[in-house]
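Engineer: from the sequence below, what's the structure:
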Amino acid sequence: MNLEKTSRAVEESKKLLDQSINEWADAYDISVRTREAIQRLNIATVRDLINHTETDLVEGGCYITNVMAIRGALAKSGLSFKAENK
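Structural biologist: Residues are numbered from 1 along each chain as shown. Reported below is the predicted structural model:
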């Protein structure tokens, strides 16, 4: 029973990560301005997005407010940006 639940959770996670940015943004009410900022960085999927750091996005032209909105939506999805290198 637990194996079945785990398997289902893994499949759902894979589906979320491969979801297009537009589909994900629709689900989390991401503004058009924030979507455009993401698209300028050639980020096509949620997987692409979480492989960037917040600094990557700011350096790529996203405003801090865009990054904050994205961070909040990722958190609602149970995801986060890539950790910053120290």
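
Engineer: need the helix or strand of this structure with the lowest average pLDDT.
Structural biologist: Each helix and strand of the chain was given a mean pLDDT (mean pLDDT, DSSP states H and E); the minimum falls on helix 2-17 at a mean of 72.

Engineer: got a list of what the nearest residue to residue 79 once chain neighbours are set aside touches?
Structural biologist: Distances taken as CB to CB, 6 or more residues apart in numbering put residue 50 closest to residue 79, at 5.4 Å, once the chain neighbours are dropped. No exception for glycine: its C-beta is placed from N, CA and C like everyone else's. By CB atoms under 8 Å, 6 or more residues apart in numbering, residue 50 lies in contact with 17, 74, 79-82.

Engineer: count of residues packed around the residue nearest to residue 80 when sequence neighbours are not counted?
Structural biologist: Spatial nearest neighbour of residue 80, excluding adjacent residues (CB to CB, 6+ apart): residue 74 at 5.6 Å. Neighbourhood size, residue 74 [other CB atoms under 10 Å]: 17.

Engineer: do the one 4 residues further on as well
Structural biologist: Neighbouring residues of residue 78 were enumerated by other CB under 10 Å; the total is 8.

Engineer: please apply the same query to residue 69.
Structural biologist: 20.

Engineer: isn't it right next to residue 35, touching?
Structural biologist: No - Residue 69 is beyond contact range of residue 35, at 10.0 Å (criterion: CB atoms under 8 Å).

Engineer: common neighbours of the two, please.
Structural biologist: What both residue 69 and residue 35 touch, as defined by CB under 8 Å, 6+ apart, is an empty set.

Engineer: low-confidence ranges in this protein?
Structural biologist: Across the chain, residues meeting the criterion (pLDDT under 70) sit at 1, 3, 5-6, 9-10, 13, 86.
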